[in-house]
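Visitor: fold the following, please.
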Amino acid sequence: MMNTIGWKRQLQHIVLWFFAIVFHLFLLVNGSRTDHFRHTPLRNSQKLASTTPPVKLLISSNYVVIDNGIVKVTLTNPTGSIAGVSYNGIDNVLETDFKDTNRGYWDTVWERPGDKDHTFDMLLGTKFRVIAQDKNKVEVSFTKTWNPSNNGTTHDLPLNIDKRFVMLRGSSGFYSYGIFEHLKGWPSLILEEARIAIKLKRTLFHYMAISDDIQRMMPTDEDRSDGQILDYREAVRLTNPSNPKLKGEVDDKYQYSFENKDIKVHGWVCNTPHVGFWVITPSYEDRNGGPTKLDLTSHAGPTSLAVFFSGHYAGPELGVKIKEGEPWKKVFGPVFFYLNSDSGDNHPTLWEDAKRQMEEETTKWPYDFPESIDYPHANARGTIRGQLFVRDRYINKNPVYAKSAYIGLALPGDVGSWQYETKDYQFWTQTNETGHFNIIGVRPGTYNLYSWVPGIIGDYKYHYDIIVKQGSDINLGNLIYDPPRNGPTLWEIGIPDRSAGEFFVPDPLPALTNQLFNNTTQKYRQYGLWDRYTDLYPNKDLVYKVGVSDYRKDWFFAHVTRRTRSKNYIPTTWQISFKLPSVDPKGTYTLRVALASATYSHLQGRINNPSRTMPHFETPSIGRSNAIARHGIHGLYWLFNFQIQGLQLQQGENTIYLMQIKGGNPFYGHQYDYIRLEGPPQQN
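Guide: Take a look at the predicted model:
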């Protein structure tokens with residue numbers, strides 16, 4: 001009996017010892033974890049209500065302070081700029097050497113027809129009001145109202161602006177969204193861009209992260225000021241940086257651009273204390289230009305941006321042009337500004353946590369907390385479903401699934417017009433392996449459904465308008481895309497994916513390298529690659545032999561001008577050499593030329609006679625994307641379809657001469673997406 005009792009006591013000690021070890025391990029792990037907080041509204045989490053302080057609002061004549069015990073945000077009153085953000089012992093993560101209205105702010109660039117120049121406007125409010133206030137949430141508003149009676153007497157932005165800021169209980173950050181309104185009868189207006197800009201403290205934030213493979217210690221503003229300005233002011237070679245490892249490298253904010261669909265989270269990390277500041281964009285429904293429109297993210301400064309629209313990688317077509325008397329209203333955001341920290345010093349740890357928070361914010365979209373009636377919550381929106389197929393009998397006899405197709409809703413328009421639409425909202429997704437799609441969270445309105453399929457040229461448009469109402473769940477069923485096709489493929493160059501990324505991207509000059517991009521996937525971001533064409537083809541232009549050449553090695557990623565010894569930039573003519581075993585002299589052949597971008601480009605084509613006075617085919621003068629200068633591999637998409645009579649071809653060797661006739665500038669030219677020659681139509 002005594003032995004049995006002793007054994008039981010010994011077992012109890014072992015169990016207690018085991019749980020003690022587990023508990024200490026928990027404390028160890030918990031002590032080194034990333035500090036973040038869920039952003040669930042209090043009515044959904046009683047536990048959160050009992051463990052986090054309520055949201056407080058303090059209003060003075062000059063400032064509005066919102067504090068939830070985790071983050072404290074100071075806004076200027078009544079102008080509505082972000083003067084301060086306090087977190088984790090840092091009194092202000094923003095740059096205090098700047099005026100309190102220049103640290104975190106909304107801005108736009110605008111002009112009126114006839115203006116000699118555009119105006120940079122920081123959208124400073126003139127009136128403050130509290131929209132909602134309780135222990136779980138505070139939402140405040142800073143408005144700027146245009147007075148029509150001042151039209152013609154003052155040069156003021158003819159818009160009503162409402163900037164909103166929201167803080168939730170238990171949230172490790174804050175939200176901002178804005179409402180732009182142009183009333184009926186007001187004068188015409190051109191908005192070139194709009195954004196939120198954040199200027200972080202320069203002595204604290206040196207490590208930037210915008211993707212898994214683009215993150216590093218960055219140069220300072222002073223490093224850039226002391227550096228060598230290159231072909232344009234944004235590109236600077238660092239000659240005497242504070243970090244010696246960066247000496248000789250090139251820094252340019254456009255090197256850190258990303259597509260709308262990928263601008264979900266980016267930001268900066270402070271070493272001591274170990275704190276991250278992140279811009280999280282859970283939806284791009286308020287952006288224009290579609291899912292692959294490129295724009296700025298974070299860059300040296302340290303600066304972080306939430307860009308709502310701009311002409312970057314597109315040109316003035318992507319500005320918002322409001323006609324005389326036209327009513328217009330649009331909500332931009334909300335954007336979430338997230339702060340995190342831990343007790344370690346591994347910067348990617350904070351990046352991974354920021355990505356986790358981005359996923360959480362994306363899951364919660366559309367948010368249920370904005371108070372504006374112009375921002376419909378989830379229950380006021382609709383859903384569009386369906387399945388997309390591609391039917392190209394020269395590839396497959398039967399329709400095939402449109403895999404990974406980009407498919408979305410935008411204002412009614414022509415085929416491909418979504419690319420230029422700027423005034424309303426767009427809702428995009430990608431199809432799955434069987435072409436199924438489900439577009440959720442669609443605002444009520446009238447739309448067209450558009451799509452394009454990687455690997456297939458051209459654009460699809462559903463032939464009926466789609467009217468989305470509150471609670472709509474519309475199943476469009478099976479949709480068929482018949483891409484441009486007249487005859488069988490005789491030859492092709494590239495991949496029809498609206499990008500020049502598959503073509504040959506040269507190495508940068510050693511003296512103009514950013515070490516961050518020394519890999520195959522990001523090499524196109526290096527500075528000065530356009531000038532490498534002259535190094536590779538100093539006297540004669542590119543010649544591509546179909547069936548012999550490899551577009552991955554032999555087709556330069558941009559059709560640019562050539563630099564002469566006197567540093568002039570002259571037009572260039574590329575050749576495509578190909579053999580035809582036979583030619584139908586009465587048949588019609590089709591040459592399809594898809595461009596991934598164009599900048600003041602004018603393409604002319606001649607067949608078997610480069611000296612012919614008139615080209616056999618040509619494009620108009622097109623494009624202001626600046627993608628070549630701004631380290632892009634695409635901008636706006638262009639598709640040209642040229643008919644070639646059989647009499648213009650010959651049995652055996654043929655050559656197509658592609659001449660970009662605009663000279664005088666290193667950045668004039670275009671980037672090809674895909675080229676295909678089709679034979680005459682064939683009977684089934």
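
Visitor: what's the burial count for the closest residue to F503 other than its chain neighbours?
Guide: Distance criterion CB to CB, 6 or more residues apart in numbering; nearest residue to F503, sequence neighbours excluded, is F557 at 4.3 Å. Quick note: C-beta positions are derived from backbone N, CA and C, even for glycine. F557: 25 surrounding residues under other CB atoms under 10 Å.

Visitor: what of the one 4 residues further on?
Guide: By the measure other CB under 10 Å, the count of residues near T561 is 23.

Visitor: ok, the residue nearest to F503 - contacts?
Guide: Applying CB atoms under 8 Å, 6 or more residues apart in numbering to F557 gives the contacts 500-501, 503-505, 524, 529, 633, 671.

Visitor: mind redoing it with 10 Å?
Guide: F557 sits next to 499-506, 523-524, 529-530, 532-533, 551, 596, 628, 633, 671-672 when contact means CB atoms under 10 Å, 6 or more residues apart in numbering.

Visitor: quick one: it and L591, what's the gap?
Guide: In this view, F557 and L591 are 21 Å apart by CB to CB, to the nearest Å.

Visitor: with S417 instead?
Guide: S417 is 25 Å from L591, by CB to CB.

Visitor: higher neighbour count, those two?
Guide: Using other CB under 10 Å as the criterion, S417 and L591 rank with L591 on top: 21 against 15.

Visitor: now the more buried one: how far from Q648?
Guide: Plainly put, L591 is 11 Å away from Q648 if you go by CB to CB.

Visitor: can you check G89 too?
Guide: Note on G89: its distance to Q648, by CB to CB, is 75 Å.

Visitor: so for those two, which sits in the more crowded spot?
Guide: Taking G89 and Q648 together and counting by other CB under 10 Å, Q648 has the greater number of neighbours (16 against 8).

Visitor: surely V73 touches V65?
Guide: Yes. At 7.2 Å, V73 and V65 qualify as touching, with contact defined as CB atoms under 10 Å.

Visitor: what is in contact with these two at once?
Guide: 83-84, 86.

Visitor: and the residues you listed as TSV, adding neighbour count and secondary structure?
Guide: Output for the shared contacts of V73 and V65, formatted as TSV (neighbours: other CB atoms under 10 Å; DSSP: H, G, I helix; E, B strand; the rest coil):
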residue	neighbour count	secondary structure
A83	25	strand
G84	19	strand
S86	18	strand
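
Visitor: make a markdown table from those residues and add distance to P113 and pLDDT to it.
Guide: Converted to a markdown table, these look like this (distance: CB to CB, whole Å; pLDDT from 0 to 100):
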| residue | distance to P113 | pLDDT |
| --- | --- | --- |
| A83 | 35 | 98 |
| G84 | 39 | 98 |
| S86 | 44 | 98 |
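
Visitor: quick one, helices of the stretch 1-150 of the chain?
Guide: Ranges of helices in the stretch 1-150 of the chain, per DSSP state H, counting those that start in this stretch, are 2-31, 46-51.

Visitor: worst mean pLDDT among the ones you listed?
Guide: When the helices of the stretch 1-150 of the chain are compared by mean pLDDT, helix 2-31 comes last with a mean of 42.

Visitor: so what's the nearest residue to G605 once chain neighbours are set aside scoring on pLDDT?
Guide: Nearest non-adjacent residue to G605, counting by CB to CB, 6+ apart: F617, 4.6 Å away. Note on F617: pLDDT of 98.

Visitor: what about Q430, neighbour count?
Guide: Using other CB under 10 Å, Q430 has 16 other residues around it.

Visitor: that one touches T292, doesn't it?
Guide: No. Q430 is beyond contact range of T292, at 11.1 Å (criterion: CB under 10 Å).

Visitor: what touches both of these two?
Guide: 261, 406.

Visitor: so what are the structural domains in the protein, by residue number?
Guide: Domains of the chain are assigned by the TED database as 47-212+260-364, 378-481, 489-678.

Visitor: any chance of these in CSV, with distance to M218 too?
Guide: Formatted as CSV, the domains of the chain follow (distance: least, CB to CB, whole Å):
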stretch, distance to M218
domain 47-212+260-364, 5
domain 378-481, 31
domain 489-678, 9
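
Visitor: who's in contact with G416?
Guide: Contacts of G416 (CB under 10 Å, 6+ apart): 290, 450, 452, 458-461, 636-639.

Visitor: buried ones in stretch 438-446?
Guide: 439, 441-443, 445 (16 or more other CB atoms under 10 Å).

Visitor: I meant to write stretch 259-271 there.
Guide: Buried-residue list, stretch 259-271, by 16+ other CB under 10 Å: 259-270.

Visitor: and the strands in the stretch 201-350 of the chain?
Guide: With DSSP state E, counting those that start in this stretch, the ranges of strands along the stretch 201-350 of the chain come out as 205-209, 215-217, 228-229, 236-237, 250-251, 258-259, 265-270, 275-280, 294-295, 298-299, 303-309, 320-322, 328-341.

Visitor: out of these, which gets nearest to N609?
Guide: Among these, strand 294-295 comes nearest to N609, with 38.4 Å by CB to CB.

Visitor: now the closest one, how far from the centre of its chain.
Guide: Its chain's average C-alpha position is 4 Å from that of strand 294-295, according to CA atoms, centre = their mean, to the nearest Å.

Visitor: with stretch 260-276 instead?
Guide: On CA atoms, centre = their mean, the centre of stretch 260-276 falls 16 Å from the chain's centre.

Visitor: what do you get for stretch 508-523?
Guide: The answer for stretch 508-523 is 22 Å, by CA atoms, centre = their mean.

Visitor: contacts for it, please.
Guide: Outside of stretch 508-523, the residues within contact range by CB under 10 Å, 6+ apart are 208, 211, 213-216, 218, 230, 235, 237-238, 245-246, 248-252, 255-256, 501, 505-507, 524-529, 531-532, 535, 557, 631.

Visitor: of these, grab the buried ones for ChimeraX.
Guide: Applied in ChimeraX, the following selects the buried portion of the contacts of stretch 508-523 according to 16+ other CB under 10 Å:
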select :208,211,214,215,216,218,235,237,238,246,248,249,250,251,252,255,256,501,505,506,524,525,526,527,528,529,531,532,557,631
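
Visitor: so which of the contacts of stretch 508-523 belong to helices?
Guide: Members of these lying in helices (criterion: DSSP state H): 532, 535.

Visitor: what segments of the stretch 551-684 of the chain are strands?
Guide: Shown for the stretch 551-684 of the chain, the strands assigned by DSSP E, counting those that start in this stretch span residues 559-560, 562-563, 569-570, 572-580, 588-601, 603-607, 617-618, 622-624, 638-645, 652-660, 669-678.

Visitor: brilliant, that's me finished.
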